[in-house]
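# Requesting a structural model of the entry that follows:
(one chain, ligands or ions: 2)
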Amino acid sequence: MTKPFRPRRSLLFVPAANARALEKSVSLAADALIYDLEDSAGPREKEDARERLATHLRSDGFAGERIVRINTLDTPWGLDDLRMAAKAGVDAVLLPKVETVETLRQAAETLTEAGAPDSVKLWAMIETPLGILDVGKLAAAGRDMRVTALMVGPYDIALSTGIDPGADRAELMPWIMQIMVAAKAYGMAVLDGPYANFRDQEGFAAECASGRRLGFDGKTLIHPSQIAGANAAYSPDPAAIAWAERIVETFAKPDNSDKGVLQIEGRMVERLHLKQSQKLLAMRDAIADRETAR
Ligand SMILES: CC(C)(COP(=O)(O)OP(=O)(O)OC[C@H]1O[C@@H](n2cnc3c(N)ncnc32)[C@H](O)[C@@H]1OP(=O)(O)O)[C@@H](O)C(=O)NCCC(=O)NCCSC(=O)C[C@H](O)C(=O)O
Ligand SMILES: [Mg+2]
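Ligands and ions are numbered 1, 2, ... in the order given. Below you'll find the model as predicted:
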């Protein structure tokens with residue numbers, strides 16, 4: 001039996017400081033919305049943005065996942081952001097610039113104290129040298145502290161390290177893969193960072209395709225025009241679905257019920273492929289449910 005799957009092909013950052021963006025976001029086809037209280041809100045906008053977002057979340061009616069990115073807990077806003085999110089019934093709180101287990105513990109304890117049920121998760125952004133160095137430790141400890149996803153923050157990584165990645169992100173790959181393997185080791189989702197040049201659809205498509213090959217679950221976005229491309233890039237393609245169905249049907253035949261390995265059309269297929277196929281079909285079904293719910 002595969003785990004229930006939640007599509008996270010497209011996760012749109014929605015600046016909570018922008019009333020029009022908030023209003024518009026509910027009608028968009030993103031799998032998830034990440035309401036942002038951090039970088040997209042200026043220091044003098046932060047309190048109003050939090051209040052506006054709290055009101056919005058009471059009645060938005062968005063059918064996908066709802067996540068709030070808060071300010072770091074050492075700022076004047078972080079703890080109030082977290083308490084607001086805890087009471088708002090969101091699916092997860094995204095913590096920026098996570099570097100220590102202590103931050104995860106403080107966030108988890110604050111959620112509990114504020115009455116958030118266990119279903120409210122923490123997602124951690126890994127976007128500084130210390131976060132990258134310790135990402136394995138953070139994921140290992142974090143899984144007992146509500147942490148279910150890691151997210152790459154490429155722009156803060158560039159800022160804090162001085163690297164200037166090219167279009168293929170080759171310079172970032174060692175660090176991306178460190179984050180990737182930590183997430184996979186502890187059964188967490190792993191989400192690719194945003195692509196800021198939202199008018200460059202070609203570059204965006206290439207980055208989505210590379211992200212999918214690397215093993216990301218989806219792409220974070222900054223503009224509505226990026227949603228369709230991310231949904232397409234991270235949806236299973238029809239040929240892969242047909243092949244997965246074939247594998248499931250073949251293993252389901254009574255003669256094959258005890259077999260570990262088979263051949264289908266000249267290709268070796270093992271039970272690991274069956275598991276992979278079941279996962280893919282679960283993803284297809286979850287995507288169909290998400291699209292019906294819209
Ligand atoms: C980048 C933007 C400032 C551009 O906004 P705008 O100038 O309004 O663009 P458009 O005129 O093309 O917008 C068309 C309509 O779409 C709405 N819109 C735009 N963006 C969004 C959005 N993100 N969510 C919802 N709706 C949006 C506009 O209101 C227009 O609506 P309409 O009036 O009906 O035509 C803007 O896109 C933006 O602010 N994007 C998000 C910025 C953000 O959240 N940044 C933080 C996340 S990325 C990050 O932090 C990096 C990471 O941490 C790292 O380290 O790597
Ligand atoms: Mg960042």
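# Next, name the residue at the spatial heart of the chain.
Leu191 (4.0 Å; C-alpha atoms, centre = their mean).
# So that one belongs to a strand, correct?
Yes. Per DSSP: H, G, I helix; E, B strand; the rest coil, Leu191 lies within a strand segment.
# Contact partners for it?
Contact analysis of Leu191 by C-beta atoms under 8 Å, 6 or more residues apart in numbering lists Arg8, Leu11, Trp123, Ala149, Leu150, Met151, Val152, Phe216, Asp217, Gly218, Lys219, Thr220. Bear in mind the C-beta positions are built from the backbone N, C-alpha and C, glycine included.
# Ala141 too?
Val101, Leu104, Arg105.
# In a helix, the last one, correct?
Yes. Residue state for Arg105 (three-state DSSP) corresponds to a helix.
# Tell me if I'm right that Val261 and Val269 touch.
Yes. Using C-beta atoms under 8 Å, Val261 makes contact with Val269 at a distance of 7.0 Å.
# of these two, who's got more company?
Higher neighbour count among Val261 and Val269: Val269, with 21 against 11, using other C-beta atoms under 10 Å.
# pLDDT averaged over stretch 112-132, what's the number?
Mean pLDDT, stretch 112-132: 98.
# Buried residues of that stretch, list them for me.
Ala116, Val120, Lys121, Leu122, Trp123, Ala124, Met125, Ile126, Glu127, Thr128, Gly131, Ile132 (16 or more other C-beta atoms under 10 Å).
# for stretch 221-233, same thing?
Going by neighbour count (16+ other C-beta under 10 Å), the buried part of stretch 221-233 is Leu221, Ile222, His223, Pro224, Gln226, Ile227, Gly229, Ala230, Asn231, Ala233.
# next one: stretch 190-200
In stretch 190-200, counting by 16+ other C-beta under 10 Å, buried: Val190, Leu191, Asp192, Gly193, Pro194, Tyr195.
# likewise stretch 246-257?
For stretch 246-257, by 16+ other C-beta under 10 Å, it's Ile247, Thr250, Phe251.
# And for stretch 70-85?
70-73, 77-85.
# now swap in stretch 95-112 and tell me
Result for stretch 95-112 [16+ other C-beta under 10 Å]: buried residues Leu95, Pro96, Lys97, Val98, Glu99, Thr103, Leu104, Gln106, Ala107, Ala108, Thr110, Leu111.
# Out of the residues you listed, give me the two with the largest separation.
Longest distance between any two of those is 19.0 Å, between Glu99 and Leu111; criterion C-beta to C-beta.
# I'd like the mean pLDDT over the helix ranked longest in the chain, please.
Assignment by DSSP state H gives helix 271-293 as the longest helix of the chain. Averaged across helix 271-293, the pLDDT comes to 94.
# Can you classify the closest residue to Phe204 other than its chain neighbours as helix, strand or coil?
Once flanking residues are discounted, Phe204 sits nearest to Tyr195: 4.9 Å by C-beta to C-beta, 6 or more residues apart in numbering. With three-state DSSP as the basis, Tyr195 sits in coil.
# Might you report the residue contacts of Tyr195?
With contact set as C-beta under 8 Å, 6+ apart, Tyr195 has these partners: Gly203, Phe204, Glu207, Lys219, Leu221, Ile222, Gln226.
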